[in-house]
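Peer 1: Give me coordinates for this.
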Amino acid sequence: MTTSSLDTALPVLNTASSDPEYLAWAAARRRKLWRRRILPALGIAGLIALWWAVIVIFNVKPFIAPTPWAVVETLYAKRAVLLDNLLPTAMEAAGGFLLGNLAAIAIATLFVHNKALQDIFFPVVLMFNAIPLVAKAPVLVLIMGNGMEPKITIAALVCFFPTLVNMVRGLESVNPQAMELMRVLSASKWEIFFRLRLLNSLPYLFSALRIAASMSVIGAVVGEWVGATVGIGAMILQATFNFDSPLLYAAIVMSATLSGLFFLLVTLAERWVIRWQPESSH
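Peer 2: I've put the predicted structure just below:
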């Protein structure tokens with residue numbers, strides 16, 4: 001930047017920084033950011049305090065529910081074992097998340113471009129989704145064996161339906177005037193899809209992905225309940241049978257942390273991809 005351009009830009013910056021409206025907007029934005037950080041922390045702290053108070057007041061036995069401090073001690077003492085079991089669960093959840101959502105997006109695209117397929121197969125998908133997850137899991141284990149494949153498939157099935165429904169809705173809820181304009185401009189079907197339908201569907205898609213990010217971990221854990229020797233789900237079963245409540249709660253904390261991390265990654269991806277929406281919508 002040249003000296004003349006710097007001389008021109010500096011008064012503008014100084015004026016903006018001293019403008020009362022700008023200062024009020026900046027202060028409000030800072031308060032909003034701090035509110036987003038502090039309120040969730042207060043909620044978690046309040047939940048832990050309530051948990052501790054219930055145990056102390058009602059004298060709950062340790063094998064039924066441990067104190068938060070006992071869970072923290074278990075998380076530290078058995079961190080290596082917990083992390084070793086968290087890794088396969090994370091791989092299964094991530095694999096199911098990618099597989100289920102990609103399949104949902106592809107099938108939603110087919111449904112939007114072929115209404116006959118949608119009318120035929122959407123009720124079938126709905127009926128299959130109505131089958132309880134704990135009923136699907138043993139069947140998949142019998143078919144695929146006791147490896148990671150059935151766990152990934154279960155996680156994918158959990159992610160599939162909400163993404164399919166939201167994606168179909170997003171692809172179909174295009175502004176009719178925008179659609180008419182594209183047709184007047186002689187846009188092809190794929191140009192309409194990529195330049196209009198797909199962009200319109202992104203908010204719907206990411207709403208479903210945030211749900212799927214948490215549900216994929218649940219699917220992986222349920223798959224490990226049916227048949228697994230490693231993973232957070234296997235640890236939960238072993239701790240339950242052994243009445244090791246601190247380890248049970250520590251495994252639950254690890255799975256919840258993994259779900260939260262997946263949710264955070266999807267939220268960050270949404271903010272990076274959908275930049276035309278106001279910040280409050282995220």
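Peer 1: and the longest helix along the chain, what's its mean pLDDT?
Peer 2: Criterion DSSP state H: the longest helix present in the chain is helix 20-58. The pLDDT scores in helix 20-58 average 81.
Peer 1: Could you pull out the buried residues of it?
Peer 2: Of the residues in helix 20-58, those buried by neighbour count under the rule 16 or more other C-beta atoms under 10 Å are 51, 55. From N, CA and C alone the C-beta is placed, and that goes for glycine too.
Peer 1: try stretch 214-232
Peer 2: Across stretch 214-232, burial judged by 16+ other C-beta under 10 Å covers 214-228, 231-232.
Peer 1: Which parts of the stretch 51-200 of the chain are helices?
Peer 2: Applying DSSP state H, counting those that start in this stretch to the stretch 51-200 of the chain gives helices spanning 68-77, 79-113, 115-130, 133-144, 148-172, 176-184, 189-192, 198-226.
Peer 1: What is the distance between the longest one and the centre of its chain?
Peer 2: So the one you mean is helix 79-113. 10 Å (C-alpha atoms, centre = their mean, to the nearest Å).
Peer 1: Give me the angle between that helix and helix 68-77.
Peer 2: Between helix 79-113 and helix 68-77, the angle comes out at 90 degrees (axes from the mean of the first three to the mean of the last three C-alpha atoms, to 10 degrees).
Peer 1: distance between the ends of stretch 120-138?
Peer 2: With C-alpha to C-alpha, to the nearest Å as the measure, stretch 120-138 spans 28 Å from end to end.
Peer 1: In that stretch, which residues are buried?
Peer 2: For stretch 120-138, by 16+ other C-beta under 10 Å, it's 125, 129, 136, 137.
Peer 1: Give me the contacts around that stretch.
Peer 2: Here stretch 120-138 makes contact (C-beta atoms under 8 Å, 6 or more residues apart in numbering) with 107, 111, 150, 154, 157-158, 160-161, 164, 219, 222-223, 225-226.
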